[in-house]
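[1] Please work out how this folds:
(one chain, ligands or ions: 1)
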Amino acid sequence: MKKILLLCIPLLFCNTYTHTRKTDRYAIVIGATSGIGRELAKILSKHKYIVGITGRRAALLTSLQKELPAKSYVQTMDVAQPEKAMRQLENLIDQMGGLDLIVLNAGVAFVDPELDWQKEKQMIDVNVSGFTALASVAINYFIKQEHGHFVGISSIGALRGHWYSPVYNATKAYVSLFMDGIRTKVNKDGYPITITDIQPGFIETEMTQGQQGMFWQVSAHEAAEQIYAAIVSKSDHAYVAKKWRVVGWAMKYLPDWLYNLVDC
Ligand SMILES: NC(=O)c1ccc[n+]([C@@H]2O[C@H](COP(=O)([O-])OP(=O)(O)OC[C@H]3O[C@@H](n4cnc5c(N)ncnc54)[C@H](OP(=O)(O)O)[C@@H]3O)[C@@H](O)[C@H]2O)c1
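    Next up, the predicted model:
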C-alpha cells in the first residue's frame, strides 16, 4: 500500500503541473507603455492572462507592471530596430514559457502634408518594418505550436488615402492587407490560428493629443474593452468604436467626387 502511495506522489505533481500549464494563458502586448496598449494589457491581466509588456519607455513599463494584477514580464524594445526586436520577442516568449495571444499595437503617426521624409521614415520603420518583423516571429511560433491568436492594430485610415498624412494611411493599409494575406495562408494550411484586424477611428491617446477635428472619439480604456471583446469572439475584423463602421463604409464606397466634398 505504502509503495502504491509513493508511486502516486509524482503523478499528483505531474497532474498539478499539467493543470497549470493547460489553464495558463499567455499574451504579449507590443507597445504597452501608453494609450490603447497600456489599457489592453491591464484588461488582459484582469482576465488572468500572464502578460508580456513591451515598449521603449522603461519607466512606464515598470509602473504598468506594478498595476497588473496577474504575473507579468517586461521587455524594453524599439521595434524600429527589427532584427534586435525579433530576438527580444523570441526571448520574451521563452521567458514567459508560452504565447497564445499577441497584440501588435506599437505605432507612430505624424500629420505630414508636407511629405517630410524623416517623419515618413519613422512611420515606415515602426508601422511597416517593425510590424512585419514581429508578426513573422509570432506567426511562425503559432504555426509551429498549431494554435494562436494574432491581433494587429491598424486604423480606419487603412481604407483610403488622405492628404493629412498619406504615409500613415498607407502604412496602415499595409498592416490590414498583410493580415488579410496571413489569414488566407493559415486558413489554407488548416491551422487554427485567428487573425484579428482592428481598425480604430479616433481614440483619446498621446497620439491624438491636441489634434483638431476629431469626432466620435472614445477613451483608450473604452477602445481596449472593445478590442478585448473582439479577441474573445475571435473576430476577423473590428471597427473601434463600433459606430465607425459607418465611416468605414463611406471610406470604402463613396465616389471620389463625393469623398473629396465631404472630406476637407
Ligand atoms: N489614437 C488613435 O486615434 C488611433 C487611431 C487609429 C489607430 N491607432 C493605432 O493604435 C495604436 C496605438 O496607438 P495609441 O493611440 O495608443 O498611441 P500611443 O499612446 O502613442 O501609443 C503608441 C504605443 O506604441 C509604442 N511605440 C511607438 N514607437 C515605438 C517603437 N519604435 N518601438 C516600440 N514601441 C513603440 C509606444 O511605446 P514607446 O513610446 O514607449 O516606445 C506606445 O506604447 C497605433 O498603432 C496607432 O497607429 C490609433
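
[2] neighbours of the nearest residue to Leu68 once chain neighbours are set aside, just the number please.
    Nearest residue to Leu68 in three dimensions, chain neighbours excluded: Ser45, at 4.0 Å (Cβ to Cβ, 6 or more residues apart in numbering). Where you see a C-beta, it was placed from the backbone N, CA and C, and this is true even at glycine. The tally of other residues near Ser45 (other Cβ atoms under 10 Å) stands at 22.

[3] Would you check that Ser45 makes contact with Lys66?
    No. Taking contacts as Cβ atoms under 8 Å, Ser45 lies outside contact range of Lys66: 11.4 Å.

[4] So which elements touch the biggest helix by length in the chain?
    In the chain, with assignment by DSSP state H, the single longest helix is helix 166-189. Using 3 or more Cβ pairs under 8 Å, 6 or more residues apart in numbering; DSSP states H and E, the elements in contact with helix 166-189 are helix 117-123, helix 131-145, strand 148-153, strand 193-200.

[5] The third one and the ligand in contact?
    Yes. Judged by Cβ under 6 Å from any ligand atom, strand 148-153 comes into contact with the ligand through Ile153.

[6] Quick one: mean pLDDT over that strand.
    For strand 148-153, the mean pLDDT works out to 99.

[7] Relative to it, what are the paired strands and their orientations?
    As defined by DSSP bridges, the strand partners of strand 148-153 come to strand 101-104 (parallel), strand 193-200 (parallel).

[8] Tabulate the helices and strands packed on helix 166-189 (JSON lines), appending distance to Ser165.
    Formatted as JSON lines, the helices and strands packed on helix 166-189 follow (distance: least, Cβ to Cβ, whole Å):
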{"stretch": "helix 117-123", "distance to Ser165": "8"}
{"stretch": "helix 131-145", "distance to Ser165": "17"}
{"stretch": "strand 148-153", "distance to Ser165": "16"}
{"stretch": "strand 193-200", "distance to Ser165": "15"}
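
[9] Can you name the residues that contact Pro192?
    Glu146, His147 (Cβ atoms under 8 Å, 6 or more residues apart in numbering).

[10] rerun that using 10 Å as the cut-off
    Phe142, Glu146, His147, Gly148, His149, Val186, Lys234 (Cβ atoms under 10 Å, 6 or more residues apart in numbering).

[11] would you turn those into a markdown table with neighbour count and distance to Leu89?
    Listed next are these as a markdown table, based on neighbours: other Cβ atoms under 10 Å; distance: Cβ to Cβ, whole Å:
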| residue | neighbour count | distance to Leu89 |
| --- | --- | --- |
| Phe142 | 24 | 13 |
| Glu146 | 10 | 19 |
| His147 | 11 | 18 |
| Gly148 | 23 | 13 |
| His149 | 20 | 16 |
| Val186 | 18 | 19 |
| Lys234 | 11 | 23 |
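
[12] Tell me which two of those residues sit farthest apart.
    Glu146 and Lys234 (15.9 Å; Cβ to Cβ).

[13] Give me every residue in this protein lying close to the ligand.
    So far as Cβ under 6 Å from any ligand atom goes, the chain lies against the ligand at 31-37, 55-57, 60, 77-80, 105-109, 126, 153, 155, 200, 202-203, 205-208, 220.

[14] In helices, which of these appear?
    Reading helices off these with DSSP H, I get Gly35, Ile36, Gly37, Leu60, Ala220.

[15] Now Thr205: closest residue in space, sequence neighbours ignored.
    Spatially, and ignoring its direct neighbours in sequence, Thr205 is nearest to Gly35 (3.3 Å; Cβ to Cβ, 6+ apart).

[16] Before I go, just wanted to say thanks for your time.
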